[in-house]
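here are the coordinates; sequence isn't available:
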């Protein structure tokens with residue numbers, strides 16, 4: 001199970017086995033890069049939320065070892081700087097892997113203080129394979145269509161059905177994208193970022209990444225440390241566990257967040273009428289799951305879809321009122337409508353989600369070597385399930401295509417770095433998607449980093465999400481590089497935001513405000 005922040009700050013780090021999957025000359029001195037712009041053509045692609053947004057694309061090699069071979073495109077967005085002097089490009093990434101960053105540029109530019117945003121060209125991008133980049137992967141459209149087999153393989157038939165789904169997804173990817181998959185990985189995405197820098201004519205770039213985007217940023221900084229101006233990492237992947245071990249740690253952390261949700265429901269028993277006892281609320285949730293496994297709600301929400309619907313609550317507690325209202329309506333009023341509506345709004349996978357999952361699988365399965373024997377997955381997942389049942393099997397099947405993936409895995413990247421300018425890290429102590437240890441580990445690996453902790457916070461993606469304390473540190477850093485310096489492994493602490501207020505099934509909606517960011521970050525990243 002997860003340990004508290006105070007214990008983790010003093011934990012020893014095991015990184016000796018991490019080997020960089022980098023070019024042989026990756027750490028050799030480099031000649032000066034004049035970074036001549038390559039003539040990007042920016043077109044207006046404004047939205048109501050981002051009236052100055054522009055779009056373009058940059059051409060990059062599919063294989064950087066063969067730069068004159070097949071070319072692909074990476075889609076870009078930009079909110080131009082408005083100050084008289086500019087600090088250059090600020091690339092932003094929402095995570096995933098597989099998340100589109102085009103809209104994130106507009107959000108970041110509008111969420112930062114105007115005087116700060118004015119100093120940067122805020123650049124969003126769809127990493128290779130994603131969204132408007134070409135080719136965009138979509139291995140098996142409708143892979144997550146309801147109703148899927150129960151994720152918990154209580155019978156051999158269920159296990160075979162889920163394994164068949166995972167295998168069929170991997171086979172579909174191999175069939176459609178055999179020539180592309182060997183080049184869809186984090187290292188190549190980082191090289192694309194440097195191609196973007198060159199196309200923009202910038203000698204250095206700044207980077208602001210959430211979730212998986214923290215790993216992408218750390219890998220970029222490892223390959224191109226002299227090209228980094230500012231580096232902000234929020235909700236930080238543990239690079240020593242990519243990706244099999246990190247997913248197991250997620251299972252424990254999401255179970256903890258689910259227990260926190262159940263306790264919140266119990267505290268608001270006057271509204272939800274499920275019980276003032278968290279354990280009884282939990283028993284009713286698992287009874288609901290068992291009922292849906294036998295009789296899916298409106299042929300849309302079975303046991304697996306129920307898990308999909310409640311997993312977002314582990315990313316952002318702003319979703320708790322809607323989830324609790326749907327839970328209450330199903331149990332107390334025998335009304336599945338709010339639950340089905342919540343599934344459709346928060347968990348049903350659109351075509352863009354099919355693309356995102358295809359890239360997610362392609363990157364994670366290629367980045368590192370996964371266990372190829374299903375027996376190990378079965379043993380490990382049942383062991384996790386015994387202590388943390390909420391997401392254990394759902395998460396295992398989400399990643400199971402890696403058992404059958406057609407490309408071999410690379411070696412993990414050792415992101416340790418003492419060549420960077422001061423960098424800024426944000427981490428919530430109760431984050432489920434990227435547990436707290438990731439922030440501590442990267443703080444140790446990046447020698448001049450400063451770690452700002454949201455104490456008691458459980459949301460994933462915490463800066464620019466309504467916490468003014470965190471945002472002050474971000475604004476100061478992006479303005480002039482100022483970072484806090486503390487003692488004991490943490491450089492600054494901010495209190496968490498209050499938990500949400502309850503809502504009934506009639507009043508519960510998907511929240512605005514902080515959820516604008518969380519809608520852009522998506523889930524699983």
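That came through fine. Note that this is a predicted model, so its numbers are computed, not measured.

chain center to stretch 41-54: distance?
Once both centres are worked out by CA atoms, centre = their mean, to the nearest Å, stretch 41-54 turns out to sit 25 Å from its chain's centre.

Run through who's touching that stretch.
Taking contacts as CB atoms under 8 Å, 6 or more residues apart in numbering, the residues outside stretch 41-54 that touch it are 55-56, 77-80, 103, 105-107, 109-110. All C-beta atoms are positioned from the backbone trio N, CA, C, and that covers glycine.

List phi and psi for residue 385.
The phi and psi values for residue 385, taken as degrees, to the nearest 10, are phi -60, psi -30.

Can you read off the pLDDT for it?
Predicted confidence (pLDDT) for residue 385: 98.

Low-confidence ranges, the chain, go.
Counting by pLDDT under 70, the chain contains low-confidence ranges at 1-38, 510-514, 522-525.

Apply 90 and report the result again.
In the predicted model of the chain, residues 1-39, 49, 351, 487-489, 503-516, 519, 521-525 satisfy pLDDT under 90.

biggest helix in it by residues?
Counting residues, the longest helix found in the chain (DSSP state H) is helix 244-267.

on that earlier part again, ok, of the contacts of stretch 41-54, which come out buried?
Under a neighbour-count criterion of 16 or more other CB atoms under 10 Å, the subset of the contacts of stretch 41-54 counted as buried comprises 55-56, 77-79, 103, 105-107, 109-110.

Just put these in JSON lines and tack on secondary structure.
Below are those laid out as JSON lines (DSSP: H, G, I helix; E, B strand; the rest coil):
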{"residue": "55", "secondary structure": "strand"}
{"residue": "56", "secondary structure": "strand"}
{"residue": "77", "secondary structure": "strand"}
{"residue": "78", "secondary structure": "strand"}
{"residue": "79", "secondary structure": "strand"}
{"residue": "103", "secondary structure": "helix"}
{"residue": "105", "secondary structure": "helix"}
{"residue": "106", "secondary structure": "helix"}
{"residue": "107", "secondary structure": "helix"}
{"residue": "109", "secondary structure": "helix"}
{"residue": "110", "secondary structure": "helix"}
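
now those residues as JSON lines including distance to residue 67?
As requested, the buried ones among the contacts of stretch 41-54 are exported to JSON lines (distance: CB to CB, whole Å):
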{"residue": "55", "distance to residue 67": "25"}
{"residue": "56", "distance to residue 67": "21"}
{"residue": "77", "distance to residue 67": "25"}
{"residue": "78", "distance to residue 67": "25"}
{"residue": "79", "distance to residue 67": "30"}
{"residue": "103", "distance to residue 67": "30"}
{"residue": "105", "distance to residue 67": "27"}
{"residue": "106", "distance to residue 67": "32"}
{"residue": "107", "distance to residue 67": "33"}
{"residue": "109", "distance to residue 67": "32"}
{"residue": "110", "distance to residue 67": "37"}
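
Please enumerate the strands of the protein.
In the chain, strands defined by DSSP state E lie at 43-44, 54-61, 71-79, 89-93, 121-126, 205-210, 228-234, 423-428, 449-455, 492-495, listed in chain order.

Make a markdown table out of the contacts of stretch 41-54 and add distance to residue 313.
Converted to a markdown table, the contacts of stretch 41-54 look like this (distance: CB to CB, whole Å):
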| residue | distance to residue 313 |
| --- | --- |
| 55 | 33 |
| 56 | 37 |
| 77 | 30 |
| 78 | 34 |
| 79 | 31 |
| 80 | 37 |
| 103 | 23 |
| 105 | 27 |
| 106 | 26 |
| 107 | 22 |
| 109 | 29 |
| 110 | 26 |
